[in-house]
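Trainee: Need a 3D model of the following:
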Amino acid sequence: MFESVWVQLVTAQAAAPEEEARGIVEIMMDASGVVMGVMVILLILSLVSWYIIGYKALYLRRANAETAKFLEIFWQSKRLDAIFQSAEQYTRSPVAQVFKAGYIELSKLKNQEQEGDTMHTHLGGIENVERSLNRAINSESTELESLLPFLATVGSNAVFIGLFGTVWGIMTAFVKIQAAGAGGIEVVAGPIAEALIVTAVGLVAAIPAGVSYNYFVSKLRRMSSEMDSFSSDFLNIVKRHFFK
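Mentor: Numbers count the residues shown, from 1 in each chain. From the prediction side, this is the model:
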């Protein structure tokens, strides 16, 4: 009996090298329609995520660089109109856009003062400038946060999409076992391999999106803090020189 089992094992080991192992591409080409559909969805989500990651990284890098240049000009210059002309060049800087909103509102108040109204009494004066600054901050924050919800969605849900493909592949393996009436490795190897590949693809799509989202959120918080600080400094300057 033991000799018979030994002969079968040796025969199986000798025959195994003759079968060419299938690669990942071959396995996925033979995958079921549901598993293939899950793979396509995950690949699309991953490609879109990487595009957003690259775009936002370049956008925030330019925004930081332009903000640094604008703040240097702002604190070195003594004329608001000269600063406004410089701000026109820094379209990606959120701080520059906040300054432009405050300066435009301040210019309106100065023009109305020349027409007879005092800057102290015209619709609250400084409150108008403050509201303009706050609106600009909200607008710039919305622009900076654009596309990030997609990264958050992919980072939190791509794994579950991959898990659906995994469950489907395992279910297919059990169906094949039932149909074959046996549970040999040759019966379940294909479906189990498909399931594991889908799981890996789900992780590949989710991890970069989740990590990038957290990184960008930290950058946006710093920019938001810069806009708030600049708004307070600008209001103090306006109060000292125009609302005495």
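
Trainee: How about the contacts made by V204?
Mentor: For V204, the contact set (CB atoms under 8 Å, 6 or more residues apart in numbering) comprises L42, S46. All C-beta spots, glycine's among them, are computed from the backbone N, C-alpha and C.

Trainee: check which helix or strand covers it.
Mentor: helix 185-242 (DSSP states H and E).

Trainee: Give me the average confidence score over that helix.
Mentor: Over the span of helix 185-242, the pLDDT mean works out to 86.

Trainee: same deal with stretch 72-84?
Mentor: In the prediction, stretch 72-84 has an average pLDDT of 90.

Trainee: Same check on stretch 162-170?
Mentor: 83.

Trainee: Same check on stretch 45-52?
Mentor: Per-residue pLDDT over stretch 45-52 has a mean of 96.

Trainee: Check which residues of that stretch are buried.
Mentor: L45, S46, V48, S49, I52 (16 or more other CB atoms under 10 Å).

Trainee: contacting residues around the last one?
Mentor: For I52, the set of contacting residues under the criterion of CB under 8 Å, 6+ apart consists of L147, L148, F150, L151, S212.

Trainee: which of those count as buried?
Mentor: Looking at those with 16+ other CB under 10 Å, the buried ones turn out to be L147, L148, L151, S212.

Trainee: From these, which land in helices?
Mentor: Judged by DSSP state H, the subset of the buried ones among the contacts of I52 located in helices is L148, L151, S212.

Trainee: Distance check, the second one against N214.
Mentor: Separation of L151 from N214 (CB to CB, to the nearest Å) stands at 9 Å.

Trainee: burial count for Y55?
Mentor: Around Y55 there are 12 other residues, counting by other CB atoms under 10 Å.

Trainee: Test my guess that it contacts L147.
Mentor: Yes - judged on CB atoms under 8 Å, Y55 makes contact with L147 at a distance of 7.2 Å.

Trainee: which residues do the two both contact?
Mentor: Joint contacts of Y55 and L147 (CB under 8 Å, 6+ apart) do not exist.

Trainee: Same list (the ones in helices among the buried ones among the contacts of I52) but as CSV, adding distance to M39.
Mentor: Shown next, in CSV, are these (distance: CB to CB, whole Å):
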residue, distance to M39
L148, 25
L151, 20
S212, 22
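
Trainee: Which one of these is nearest to S225?
Mentor: Within these, proximity to S225 (CB to CB) peaks at L148, which comes in at 17.3 Å.

Trainee: from what I can see the closest one touches N214, true?
Mentor: No - L148 lies out of contact with N214 (CB under 8 Å); the separation is 10.2 Å.

Trainee: So which residues of the protein form helices?
Mentor: Using DSSP H, helices in the chain cover 2-15, 24-29, 33-76, 80-87, 94-114, 126-145, 148-180, 185-242.

Trainee: What mean pLDDT does the shortest one get?
Mentor: When pLDDT is averaged over helix 24-29, the result is 59.

Trainee: Dump the buried ones among the contacts of I52 into JSON lines; add distance to I192 as well.
Mentor: Formatted as JSON lines, those follow (distance: CB to CB, whole Å):
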{"residue": "L147", "distance to I192": "37"}
{"residue": "L148", "distance to I192": "36"}
{"residue": "L151", "distance to I192": "31"}
{"residue": "S212", "distance to I192": "31"}
